[in-house]
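Visitor: sequence first, predicted model second:
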Amino acid sequence: MAENLPSILVIEDELPIRRFLRTALVNHGYQFLEAGTAKEGLALASTRQLDLIILDLGLPDLDGLEVIHQLREWTLLPIIILSARGQESDKVTALDAGADDYLTKPFSVSELLARIRVILRHAARVPEKEEPLFVVGNLQVDLSKRQVSIGGNEIHLTPIEYKLLTTLVRYAGKVVTHRQLLKVVWGPAYADESQYLRVYMTQLRHKLEIDPARPRYLTTELGVGYRLKTD
């Protein structure tokens, strides 16, 4: 296998899903590694050069949340969760534990591939220095000048709106949970004050979206958080 292809480790105990993912990922230009248990997956993660991990939460030997905790002790490698657990609380817990994104089974291969592309692009950009200019569609955020514009027209944002937007820019393409946003923008003491977030997100959408009820940029992950789209 070509060494310059992105390498993805799938930690999943269901063999049919691993076979399915192997075909999809290899056919789309990724190197594929697989593990059927948490122990095997953690061993591969610590010994192989990887670009991304796809993790099932329902593993036979160790809960997927514990796998995330163990990985986050030593690596920032992107993690996408594949879970049969459809409860919003499970998704929020996984994201708060350090996962970068999630998909609930059954999932669409095209959506999984899109999420992989976004995360790998973001990981490639993140390195030494934060990009000073973020652009998607007509939205432009100039972090160095602290300016936001739509179609070339500057938009005035309040300090809180600006901080909320730039936090989403920092994690562009990824879902950011309510608690994560509240902690960053308002501080740890406000981690449960979700009404603050709803009010300011509504204001932000009215300033940035053509149709705030059907947002193009600031999308809602129901019961979980928000995502700033990158395409």
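Guide: Looks like it arrived, so ask away.
Visitor: three-state assignment of the residue nearest to Pro60 when sequence neighbours are not counted?
Guide: Distances taken as CB to CB, 6 or more residues apart in numbering place Asp13 nearest to Pro60, at 5.4 Å, with adjacent residues excluded. C-betas here are computed from N, CA, C, even on glycine. Under the three-state scheme (DSSP: H, G, I helix; E, B strand; the rest coil), Asp13 adopts coil.
Visitor: cool, Leu197 as well?
Guide: Classified using three-state DSSP, Leu197 is helix.
Visitor: pLDDT wise, what is it at?
Guide: At Leu197 the predicted local confidence, pLDDT, stands at 91.
Visitor: who touches it in this structure?
Guide: Leu164, His178, Leu181, Leu182, Val185 (CB atoms under 8 Å, 6 or more residues apart in numbering).
Visitor: quick one: the residue nearest to the spatial centre of the chain and Leu204, what's the gap?
Guide: For the chain, the residue nearest the mean C-alpha position is Lys174 (2.7 Å; CA atoms, centre = their mean). Between Lys174 and Leu204 the distance is 18 Å, computed by CB to CB, to the nearest Å.
Visitor: pretty sure Val141 contacts Val169?
Guide: Yes. The pair Val141 / Val169 is scored as a contact, 5.4 Å apart, by CB atoms under 8 Å.
Visitor: between these two, which one's more packed in?
Guide: Neighbour tally, Val141 and Val169, criterion other CB atoms under 10 Å: the higher count belongs to Val141, 25 against 18.
Visitor: next, the more buried one: secondary structure please.
Guide: Here Val141 is strand, with the state taken from three-state DSSP.
Visitor: got a pLDDT number for it?
Guide: 92.
Visitor: from Arg117, how far out is the residue nearest to it when sequence neighbours are not counted?
Guide: Leaving aside its chain neighbours, Val141 sits nearest to Phe134 (4.3 Å; criterion: CB to CB, 6+ apart). Noted for Phe134: a distance of 17 Å to Arg117, by CB to CB.
Visitor: tell me which of those two has more neighbours.
Guide: Per other CB under 10 Å, whichever of Phe134 and Arg117 has more neighbours is Phe134, with 21 against 15.
Visitor: can you pull the contacts of that one?
Guide: Gln140, Val141, Leu143, Val169, Ala172 are the contacts of Phe134 under CB under 8 Å, 6+ apart.
Visitor: would you turn those residues into CSV with distance to Gln195?
Guide: Shown next, in CSV, are these (distance: CB to CB, whole Å):
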residue, distance to Gln195
Gln140, 30
Val141, 25
Leu143, 28
Val169, 23
Ala172, 25
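Visitor: could you report the pLDDT at the residue of the chain positioned farthest from its centre?
Guide: In the chain, Asn153 marks the outermost C-alpha relative to the chain mean, sitting 29.0 Å out by CA atoms, centre = their mean. At Asn153, the model reports a pLDDT of 93.
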